[in-house]
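**Student:** pasting a predicted model and its sequence here:
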Amino acid sequence: MILAEDLTKHFDDFVAVNGISLDVPTGRVMVVLGPNGAGKTTTVRMLTSILTPTRGRALVAGFDVVRQAHEVRRVVGVLTEHHGLYGRMNAHEYLEFYGNLYGLSSREARRRSDALLEQFGLASAGKKRLGEYSKGMRQKLALVRALLHEPPVLLLDEPTSAMDPESARMVRDAIHTLRSSERTILLCTHNLLEAEELADQVAIIRAGRIIRTGTPENLKRELLGAPEFEARLGSSLNGWTPDGLPEGVHLTGQGENWLRFGVEAPDAANPRLLRRLLEERLAVVAFSEVPRSLEQAYLEAVAQENRQEAARV
Ligand SMILES: Nc1ncnc2c1ncn2[C@@H]1O[C@H](COP(=O)(O)OP(=O)(O)OP(=O)(O)O)[C@@H](O)[C@H]1O
């Protein structure tokens with residue numbers, strides 16, 4: 001549904017985006033992560049036909065972002081950092097104006113905007129001038145605008161950055177619902193918990209290039225190594241140290257009543273590991289994976305790149 005090949009953007013001599021390729025199938029959420037200035041917004045702008053790529057091509061819902069810019073604008077809902085709201089209008093007027101631009105009748109625009117304003121807690125602010133909106137309210141209204149024409153593709157650049165926790169929750173819930181109704185979503189965020197919750201796929205961009213891509217689980221595995229499992233015991237270990245552990249399992253830590261293991265292939269090794277612990281008559285009261293975050297994996301990916309770059313100069 002979103003397909004980019006070798007997408008590149010130069011601003012004079014500066015290369016902001018350098019050969020990005022992406023493939024986001026229908027009904028999936030691709031989260032784009034990256035440091036400030038990495039090229040995320042520039043990528044979104046090319047995918048929405050706002051900027052013309054210097055090289056490469058992109059198709060959104062089958063439409064070419066350069067040759068079919070008009071069609072692309074019709075099938076995408078965009079939320080960018082600069083919302084371009086008209087300060088003198090109120091929300092109803094603004095959404096009717098945009099609804100008409102998208103080809104909706106005023107009545108239909110009003111019906112949809114009332115439902116969306118209600119959904120995002122803006123119903124009581126419908127008559128307030130947009131110049132008087134707070135930052136978070138502006139961001140919510142920009143999202144309402146992006147959803148107004150029920151587009152199959154959504155490109156959301158930091159959609160919750162200015163929102164209070166309750167509003168951000170509403171937006172994440174809305175993204176879950178949109179995903180399950182087969183919308184295709186590309187989301188840029190610096191909020192790694194948000195990314196972890198929503199992403200089917202993650203692309204990490206640094207200095208205009210994709211440095212890693214994969215599911216959150218695969219990225220954790222690739223960047224942080226084998227998962228760890230912890231066995232909690234109902235009694236003290238009394239100085240016992242594990243030996244004869246199954247292949248692919250190694251001890252990574254231990255305390256008075258707990259043991260931690262790195263496990264290369266959990267499906268095969270964990271049953272054997274548990275049998276081994278029971279053979280020793282250890283009272284295992286809980287056995288669980290030690291949680292690892294996408295944040296850890298992201299920081300590791302960027303740190304690895306920074307080290308490689310430092311080694312090159
Ligand atoms: N119109 C422009 N002219 C010149 N340089 C630009 C222009 N737009 C963006 N850039 C540069 O391109 C690079 C990428 O910017 P971009 O806004 O895409 O980054 P980003 O990943 O979205 O960053 P952030 O996380 O801070 O929002 C930056 O170095 C920026 O200064």
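**Tutor:** Good, I have the coordinates. Numbering: from 1, shown residues only.
**Student:** use CA for all of it now, contacts and neighbours both
**Tutor:** Noted.
**Student:** in the chain, which spans are helices?
**Tutor:** The residue ranges that make up the helices of the chain, judged by DSSP state H, are 40-47, 69-75, 91-101, 106-119, 135-147, 165-180, 192-198, 216-224, 266-279, 294-312.
**Student:** show the average pLDDT along the second one.
**Tutor:** Averaging the model's pLDDT scores along helix 69-75 yields 93.
**Student:** just the fourth one next, same as before
**Tutor:** Averaged across helix 106-119, the pLDDT comes to 94.
**Student:** now swap in stretch 249-264 and tell me
**Tutor:** Stretch 249-264 comes out with an average pLDDT of 94.
**Student:** gap between the two ends of that stretch?
**Tutor:** End-to-end distance of stretch 249-264 (C-alpha to C-alpha, to the nearest Å): 7 Å.
**Student:** just stretch 51-60 next, same as before
**Tutor:** The first and final residues of stretch 51-60 sit 14 Å from each other (C-alpha to C-alpha).
**Student:** try stretch 230-246
**Tutor:** Using C-alpha to C-alpha, the end-to-end distance of stretch 230-246 comes out at 15 Å.
**Student:** ok, and what's touching it?
**Tutor:** Stretch 230-246 is touched from outside by 251, 256-261, 269, 272-273, 276, 282-290, with contacts defined as C-alpha atoms under 8 Å, 6 or more residues apart in numbering.
**Student:** filter those down to the buried ones, PyMOL style.
**Tutor:** Restricted to buried positions by 16 or more other C-alpha atoms under 10 Å, the PyMOL selection for these reads:
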select buried, resi 251+257+258+259+260+261+269+272+273+276+282+283+284+287
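**Student:** where in the stretch 1-150 of the chain is pLDDT low?
**Tutor:** Low-confidence regions of the stretch 1-150 of the chain, defined here as pLDDT under 70, cover residues 83.
**Student:** run a quick neighbour tally on the closest residue to residue 85 other than its chain neighbours.
**Tutor:** Leaving aside its chain neighbours, residue 85 sits nearest to residue 130 (6.9 Å; criterion: C-alpha to C-alpha, 6 or more residues apart in numbering). Residue 130 has 20 neighbouring residues, counting by other C-alpha atoms under 10 Å.
**Student:** again with the one 10 residues further on
**Tutor:** Residues within reach of residue 140, counting by other C-alpha under 10 Å, total 26.
**Student:** distance check, it against the ligand.
**Tutor:** Counting by C-alpha to the nearest ligand atom, to the nearest Å, the gap between residue 140 and the ligand amounts to 18 Å.
**Student:** for residue 39, same thing?
**Tutor:** Shown here: residue 39 relative to the ligand, a distance of 3 Å by C-alpha to the nearest ligand atom.
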